[in-house]
Structure formats: C-alpha cells, structure tokens
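**Student:** Provide a 3D model corresponding to the input given below.
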Amino acid sequence: MRIDRLKLWNFKKFDDALFQFHPKFTVLIGDNATGKTSILDALATLLGTYLLRSGIPAGRSGLTKDEARLLTTEKEDQVFLEPQKEVFVEADGLFREDPLSWKREIGDRGGAAKKLIATGISDRKRVSKGEDMDLPLLLYYGAGRLWSTHSKIKVGRPESRLAGYRNCLDPKSDHFLFEKWFKQLELAALQQRKTISALEAVRDAVMTCIPNAEHFYYDIANGQLMIRLQDTGLMPFNNLSDGYRNMVAMVADIAHRSSRLNPHLGIQVTKETSGVVLIDEIDRRWLNRKEAWDIALRAKERLERNDYGDFRAQITETASANGFWSVWMTVFNNDADMLRRLIEAFAGTCGDCFDAEYAPIVRPGGQC
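**Tutor:** Residues are numbered from 1 along each chain as shown. Next comes the predicted model:
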C-alpha cells in the first residue's frame, strides 16, 4: 500500500492544501504549529479506512467535528471562530500495484472509499479461512509515544493475524503489547526447543539498529527485556536512554507487527512486508548518529586502501568535529592506533579506563 498524493480541504488549519509524497520515504520539515502532525492525522484517517467495519480498535476510523477548520473573524472588537462545514481528506495511491483513490468526510461511513473498504473486508475473510496472503502494515507513531502507552493489554491464547492491527493508528505506544508477545514466543521457543522465525526476525531487526548490540532477549527469570551491548555489557531494555529506547521500540514494534500480520513470510517478513508507517517527530540525534556511522565506515574503508599517518590524523579531526565518540570507537575497534588517537582527541575521555591495546577495562561498580 502506498499514498502518493494527499488533498486537505478545511481540515484543521488547512483551507486547501495538496501534498505529493515520495514512493518510499518522505520527511516533513517545518516550524512548530505549521501543520506537520495534522498531515499525519489525515493520513492515519485515510489508512484506517482499510479497517472500517472490522471491529478492530485501530485508533482512527474517521474525521471528527473538532477537526474542521475554524475561520477566524473579528467584528466590532469581538473575535469569532466559525467552523467550516465542508471538510474532507482525499488520497491517491497504490494498493497491491493497482491505482486507488479514496476520500473521507466528517461523519461519513466511507461512502467515497467503497473500493478500499471492500478490499479490507475481502482480505479479512481470506485470513479467517487461513489463506497465506500478504497484509499491509499500517502504523502511526505519535510524538508522545514514550510517555503515553497502552498498558492494559492482554495477550494469552493464540490470536488472529489481524491482532497485528490493534491500536496500529493510535499515536500512543504499544510497547507493552510487543513485550508480552516477545515473551510468549521466547517461552514457546524454549518449550518446543526450536527456532521460531518470527522471533528471530524481530530479534535481528532490533540488533540491526544498534551497531554494537550482541544479543536481545526476554529474561524469564527477571521478567523483562534485556539487551547486551559490546561496550557496556548486559542491561535492561528500559535502562536505555530515551533516544535508544524510542528507536529500538519502534523498530521492534514494526518487526513484531509484520510477523503477526504475515507469518507465512518467515525470517524474511521484515524485508518483504509492505505498507505505510507514519512517525511524528523523529529524533534528530539518531539521524545524526546514523550519518556519523556512515562517515566512519567510509573513512575506515579508505584507510584500508591508503594507510598513512596524515590520513589517520585527518580521520581523527573529522571524528572530533562530528562527535559521537562511541560510533568511531566501535567502527575502529580493531585498530589500536586509531583507538588511541580517538581517546586522545575527544576531550574528557579518561585514558586510564583503557588497557595497553586501548580496549575498555572492566570496571566493577563503574570505577576506573
């Protein structure tokens, strides 16, 4: 599923707006209160049309009266807000490679989106018959996802594949749903003494987004998710910084929902599942970290082809200017000379915390 064009008419702060999207990845950039979240809300409503009449609590099923644009007028020193009557959001895109256009209005029942609604009903019937068919991934992560979560979630007996759509378009986080699902599969893998492809697909996805991660699992004895990092060792998932936890939680949720919706895709599920993911407020520091990682990798590749002192000094200067010391230390973890240079270049780094080969010394209790 893909949305290529979005039209907003009297929706929230937009009177008449048209947006074109890249077929794979689009970033919305703008100042606060310019309408970025409103665009995502409109897209979420349009995506939710696929799940109309399903009974699944997806999060957004239609437009509400309070989303109508308010026309501000001033008469005789009085300010008036007039809600506009004609309000709609409209999209053009592709669904399973077929062109599709649909529209939603306040209080409607999907009359201008009959084709998409019918497709959703047909897909759910096929799922109920046990057919192996690809379902689209639909997700919306709001700006407050770390602090506003769904905690009253019950995961017990095996559920329908369609459970992967539960709260999928609600801006709140479903971290608890993921954790309970992951725990269930970890227990099943131990009990059955076999590898479960959905579990491994999610584990691989999580470890891919953290360069120095060595293992990610549910600790049954302690009752929580654990992650082992190359530099710092084993720690509870919830002890990660907000930036790490935010990114890992989203990746894990995307992977776990993909595995629930399309279990027939096996270990390739995270690569072969298609759909639309909306993210409000991506952590800019994570993007900067990814850029630093790419720069460090390119520098390492060039150094392997042309290894000389001046170039090593240049790499060190670049690292110092870009920051993200742990990224550079991880990329050059097998090069003692580069590790020494990086330790010396980054102000505040304690040299006594490293051995003769510039590897971190184990520090029980955090003391050097």
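
**Student:** contacts and neighbour counts: CA atoms only from here.
**Tutor:** OK.

**Student:** all strands for the stretch 151-300 of the chain, in order.
**Tutor:** Shown for the stretch 151-300 of the chain, the strands assigned by DSSP state E, counting those that start in this stretch span residues 213-219, 224-229, 233-236, 275-279.

**Student:** Pull the residues that contact the second one.
**Tutor:** Strand 224-229 is contacted by residues 179, 212-219, 234-238 when judged by CA atoms under 8 Å, 6 or more residues apart in numbering.

**Student:** Quick check: buried residues in it?
**Tutor:** Within strand 224-229, the residues that count as buried by 16 or more other CA atoms under 10 Å are Leu225, Met226, Ile227, Arg228, Leu229.

**Student:** What pairs with that strand, parallel or antiparallel?
**Tutor:** strand 213-219 (antiparallel), strand 233-236 (antiparallel) (DSSP bridges).

**Student:** starting at the chain centroid, how far to stretch 78-94?
**Tutor:** 29 Å (CA atoms, centre = their mean, to the nearest Å).

**Student:** same question but for stretch 91-106, I mixed them up
**Tutor:** 23 Å.

**Student:** what does that stretch contact?
**Tutor:** 1-7, 45-46, 62-65, 87-90, 110, 112-114, 116.

**Student:** So which of the residues you listed are in strands?
**Tutor:** Of the contacts of stretch 91-106, the ones assigned to strands by DSSP state E are Arg2, Ile3, Asp4, Arg5, Leu6, Lys7, Phe88, Val89, Glu90.

**Student:** are any of those residues buried, and which?
**Tutor:** Buried among those by 16+ other CA under 10 Å: Arg2, Ile3, Arg5, Leu6, Lys7, Phe88, Val89, Glu90.

**Student:** Against Gln20, how distant is the closest residue to the fourth one other than its chain neighbours?
**Tutor:** Looking back up the chat, that one is Leu6. Distances taken as CA to CA, 6 or more residues apart in numbering put Ala91 closest to Leu6, at 4.7 Å, once the chain neighbours are dropped. The gap separating Ala91 from Gln20 is 10 Å, by CA to CA, to the nearest Å.

**Student:** How about stretch 248-255, which residues are buried there?
**Tutor:** Val248, Ala249, Met250, Val251, Ala252, Asp253, Ile254, Ala255.

**Student:** between the residues you listed, which is closest to Leu81?
**Tutor:** Met250 (38.4 Å; CA to CA).

**Student:** where does that closest one sit relative to Lys180, distance-wise?
**Tutor:** Distance from Met250 to Lys180, by CA to CA: 15 Å.

**Student:** Help me confirm that Ala319 comes into contact with Trp328.
**Tutor:** Yes. The criterion here is CA atoms under 8 Å, and Ala319 meets it with Trp328 at 6.8 Å.

**Student:** Just give me the residues shared between the contact sets of these two.
**Tutor:** In contact with both Ala319 and Trp328: Ala296, Leu342, using CA under 8 Å, 6+ apart.

**Student:** Neighbour count for these two, which is higher?
**Tutor:** Neighbours per residue, other CA atoms under 10 Å: of Ala319 and Trp328, the larger number sits with Trp328, 25 against 22.

**Student:** What residues does the more buried one make contact with?
**Tutor:** Contacts of Trp328 by CA under 8 Å, 6+ apart are Ala292, Trp293, Ala296, Ala319, Leu342.

**Student:** Tell me how many other residues surround the third one.
**Tutor:** Other residues near Ala296 number 22, with proximity taken as other CA under 10 Å.

**Student:** and what of the second one?
**Tutor:** The local packing of Trp293 (other CA under 10 Å) involves 19 other residues.

**Student:** Next up, the contacts around it.
**Tutor:** Trp293 neighbours (CA under 8 Å, 6+ apart): Val327, Trp328, Val331.

**Student:** Kindly confirm my reading that the first one forms part of a helix.
**Tutor:** This points to Val327. Yes. Per DSSP: H, G, I helix; E, B strand; the rest coil, Val327 lies within a helix segment.
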